[in-house]
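Novice: I'll drop the sequence and a predicted model, then ask my questions.
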Amino acid sequence: MTLEEALKRVLRSFQTYYNIDLENPAEPFAAEARFLSHDTQYFLMKAARIAESDSREYVFFALEDQLDADRFEQLDAAAWSTGMARVEPAAGHRSTDVILVILTNHLDEDAMQRIRSRKHYQSYRFGLRGWSNYRLIAMEIPTGREAHNRLGRDLPRLLSNVRQSD
């Protein structure tokens, strides 16, 4: 399976709830997905609002023939900085999460160690204006071997359709 075929399969997992951009993703990514959610709570009538909250997720997809530690650092920095540039920590902002999905033909051991230990977190006004988390996964397509950070432990489920053969 090629990296492009694997990307198409992964995007199927996201297309129901996310807006997918294959035409103009942020550099250096092959695709991007956005999830925006707005929730309002009322008391008896719509004019009596109790609370409002906005949640956002930005998912960046990278295709790499070989992922070494240096290239991982570049992708990691690009995903986090691009996602943070889109944060609007105003009243009602709950969270903006950044997710990086890397599909590769070869996953270097040093890159795997860095992926497992990678953490990014940002709170806005001590959490009163929300926070941002970072989830990350890399998958070696030929073998199905993967590495993810602590917050990305649920991401292997989204990549399960890549492991299935036709």
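Specialist: Cool, the structure landed.

Novice: drop to CA atoms for contacts and neighbour counts, all remaining ones
Specialist: Will do.

Novice: which helices and strands does the helix or strand in which residue 133 is found pack with?
Specialist: Taking DSSP states H and E as the criterion, residue 133 maps to strand 131-140. Contact partners of strand 131-140 among helices and strands, from 3 or more CA pairs under 8 Å, 6 or more residues apart in numbering; DSSP states H and E: strand 93-107, helix 109-117, strand 121-123, strand 146-148, helix 155-158.

Novice: name the residues of the second one that are buried.
Specialist: In other words, helix 109-117. Of all the residues in helix 109-117, those buried under the rule 16 or more other CA atoms under 10 Å are 111-112, 114-116.

Novice: returning to what we had before: parallel or antiparallel, list what pairs with the strand holding residue 133.
Specialist: Sheet partners assigned to strand 131-140 using DSSP bridges are listed as strand 93-107 (parallel), strand 121-123 (antiparallel), strand 146-148 (antiparallel).

Novice: average pLDDT across the longest one?
Specialist: Average pLDDT, strand 93-107: 91.

Novice: how far off centre is that strand?
Specialist: 3 Å (CA atoms, centre = their mean, to the nearest Å).

Novice: before we move on, back to that, dump the strands paired with strand 131-140 to JSON lines, plus distance to residue 10.
Specialist: Compiled in JSON lines, the strands paired with strand 131-140 are given as follows (distance: least, CA to CA, whole Å):
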{"stretch": "strand 93-107", "distance to residue 10": "9"}
{"stretch": "strand 121-123", "distance to residue 10": "25"}
{"stretch": "strand 146-148", "distance to residue 10": "14"}
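
Novice: so of the ones you listed, which one's packed in deepest?
Specialist: Between those, strand 93-107 has the highest mean count of neighbours, a mean of 23, where neighbours are mean count of other CA atoms under 10 Å.

Novice: can you dump the C-alpha coordinates of that strand into PDB?
Specialist: The C-alpha atoms that make up strand 93-107 are tabulated as PDB, following Å, rounded to 0.1, in the frame of the first residue of the first chain:
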ATOM      1  CA  HIS A  93     -13.300  29.100  24.500                       C
ATOM      2  CA  ARG A  94     -13.100  25.600  25.900                       C
ATOM      3  CA  SER A  95     -10.300  24.000  24.000                       C
ATOM      4  CA  THR A  96      -8.300  23.900  20.800                       C
ATOM      5  CA  ASP A  97      -6.400  20.700  20.300                       C
ATOM      6  CA  VAL A  98      -3.700  20.000  17.700                       C
ATOM      7  CA  ILE A  99      -3.200  16.500  16.300                       C
ATOM      8  CA  LEU A 100      -0.400  15.300  14.100                       C
ATOM      9  CA  VAL A 101      -0.700  12.100  12.100                       C
ATOM     10  CA  ILE A 102       2.400  10.900  10.300                       C
ATOM     11  CA  LEU A 103       2.300   8.100   7.800                       C
ATOM     12  CA  THR A 104       5.700   6.700   6.800                       C
ATOM     13  CA  ASN A 105       7.400   3.800   5.100                       C
ATOM     14  CA  HIS A 106      10.200   3.700   7.700                       C
ATOM     15  CA  LEU A 107      10.000   4.900  11.300                       C
END
